[in-house]
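> after the sequence you'll find the predicted model.
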Amino acid sequence: MQLTKAHAASLRAECYSKRKQQIQQHGFSIGLLVRHRRLLWRQLMRFKLKVFNLDTSQIILYVIIGVLLFLYIRRMLLLRSLKSYSPSEVAEKMKITNVVLLDVRTAGERQSNSIKGSIHIPLHELRRRAEELQKYKNREIICYCASGNRSVSATATLNKLGFNAANLKGGIAEWNFSGLR
């Protein structure tokens, strides 16, 4: 069956009127959207890239910056939720109360310098060796490391395990700078 020119024209007009009705009703043609979704997606992405005038390397850079910003904010929120003491506050607590100092540095770092009377459990072994700290569960455990970064992780880990843990701000570097031994 062949279409005549008149019949083809009437079909086009009917299709055009349906699309016009869809556009008025929905703001777009549903049939056109379904048939050309890939094309529309590409055009939308090109439009977005043109609007922001970004190339792939810039997008990757912004994603990396976003991830780093997320990690930094997460770290700051973690720091706010933990108890932290300055070296002078820890020295006072050691005189007044019965606190436990936990060194979470590596064995090589501990050999060079440590706070007298502290317990040594490296951070990477802390979860595995947490049962060694059970006898100190009713006492406050103050974690320290070289600069105060690993001890934050150790404090968070111990708090999750149900211990009463705190962090020494600045680690042993700040302790030594304060002139404490």
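All right, it came through fine.
> ranges for the helices of this structure?
5-26, 30-35, 37-52, 56-81, 87-96, 107-112, 150-160, 171-177 (DSSP state H).
> where among the ones you listed is the average confidence lowest?
Mean pLDDT values for the helices of the chain show the minimum at helix 30-35, a mean of 56.
> I'd guessed Gly170 sits against Pro87; true?
Yes. Assessed by Cβ atoms under 8 Å, Gly170 is found in contact with Pro87 at 6.9 Å. Every C-beta, even on glycine, is put in place using the N, C-alpha and C of the backbone.
> which neighbours do those two have in common?
Phe177 (Cβ atoms under 8 Å, 6 or more residues apart in numbering).
> tell me the centre residue of the chain?
With distances taken as Cα atoms, centre = their mean, Leu71 lies nearest the centre of the chain, 3.6 Å away.
> and that residue, how close does it get to His124?
Distance of Leu71 to His124, computed by Cβ to Cβ, to the nearest Å: 20 Å.
> mind giving me the domain split of this structure?
Residue ranges for the domains of the chain, per automatic domain parsing: 1-52, 83-177.
> need the pLDDT of Lys83.
88.
> OK, contacts around it?
Lys83 touches Thr155, Ala165, Ala166, Asn167, counting by Cβ under 8 Å, 6+ apart.
> the residues you listed: which two are farthest apart?
By the measure Cβ to Cβ, Ala165 and Asn167 form the most distant pair in those, at 7.7 Å.
> anything in contact with each of those two?
Common neighbours of Ala165 and Asn167 (Cβ under 8 Å, 6+ apart) are Leu82, Lys83, Ile142, Cys143, Ala154, Thr155.
> of those residues, just the buried ones, PyMOL syntax please.
A single PyMOL command selects the buried members of the shared contacts of Ala165 and Asn167 (16 or more other Cβ atoms under 10 Å):
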select buried, resi 82+142+143+154+155
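> which one of the shared contacts of Ala165 and Asn167 is nearest to Arg128?
Nearest to Arg128 out of those is Ala154 (Cβ to Cβ; 13.0 Å).
> check contacts around that closest one.
Ala154 is in contact with Leu102, Val104, Leu123, Leu126, Cys143, Cys145, Ala165, Asn167, counting by Cβ under 8 Å, 6+ apart.
> could you dump the residues you listed to CSV with pLDDT?
Shown next, in CSV, are the contacts of Ala154 (pLDDT from 0 to 100):
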residue, pLDDT
Leu102, 93
Val104, 93
Leu123, 91
Leu126, 91
Cys143, 93
Cys145, 92
Ala165, 92
Asn167, 91
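> of those - the most surrounded one?
Most neighbours among these, by other Cβ atoms under 10 Å: Cys143, with 30 neighbours.
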